[in-house]
Every structure is written in C-alpha cells, then in structure tokens.
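Below are the sequence and a predicted model for it; my questions follow.
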Amino acid sequence: MKNKLRKSSTDKSISGVCGGIADFFGISSFAVRLIFIFLPANLLIYIILANAIPDSPPSL
C-alpha cells in the first residue's frame, strides 16, 4: 500500500488531520470535518490524531 496516513500540508484548518484523513480515503475534507463535528469525543480524538499522525514531507 503506497498511500500512507499523514497530515495534509495543503488542506489544513488547524493541523491538517482532517485533510490527511480525506486524502488517505479519497473523500472530501469537508465530509471528514462534518464527521468530526458529530462525534461524541471529537476534541479528544482530534488531539490524539494531531499528535499521532506524522507530518507530510515538505514539498518544493
């Protein structure tokens, strides 16, 4: 599997977690953000993912 889960460097609002998840699954980042809004423990999950998911490599 070539596609790895990483934070997005281009599609980010706070830290790029939702953009990275959207890139990984090939869906809209807006849909991922809506899912995070309606999750019961959304802030806790987001903080854990923001620390656990590596940053994307810098591009030129």
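Sure thing, it's come through.

Only C-alpha atoms from now on, for both contacts and neighbour counts.
Will do.

in this structure, which residue is closest to the centre?
Central residue of the chain (C-alpha atoms, centre = their mean): Val17, 2.2 Å from the mean position.

That residue and Pro54: what is the separation?
Going from Val17 to Pro54 by C-alpha to C-alpha, to the nearest Å gives 10 Å.

shared neighbours, those two?
6-7 (C-alpha atoms under 8 Å, 6 or more residues apart in numbering).

Looks like the residue nearest to the centre of the chain contacts Ile48 (just checking).
No: Val17 is beyond contact range of Ile48, at 10.1 Å (criterion: C-alpha atoms under 8 Å).

Need the CA coordinates for the helix or strand encompassing Ile37. PDB is fine.
If you go by DSSP states H and E, Ile37 is part of helix 29-38. Extracted in PDB, the C-alpha atoms of helix 29-38 (Å, rounded to 0.1, in the frame of the first residue of the first chain):
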ATOM      1  CA  SER A  29     -12.100  17.000   3.600                       C
ATOM      2  CA  PHE A  30     -15.500  18.800   4.300                       C
ATOM      3  CA  ALA A  31     -17.100  15.400   4.900                       C
ATOM      4  CA  VAL A  32     -14.400  14.400   7.300                       C
ATOM      5  CA  ARG A  33     -14.800  17.700   9.200                       C
ATOM      6  CA  LEU A  34     -18.500  17.100   9.400                       C
ATOM      7  CA  ILE A  35     -17.900  13.600  10.800                       C
ATOM      8  CA  PHE A  36     -15.600  15.100  13.500                       C
ATOM      9  CA  ILE A  37     -18.200  17.700  14.400                       C
ATOM     10  CA  PHE A  38     -20.800  14.900  15.200                       C
END
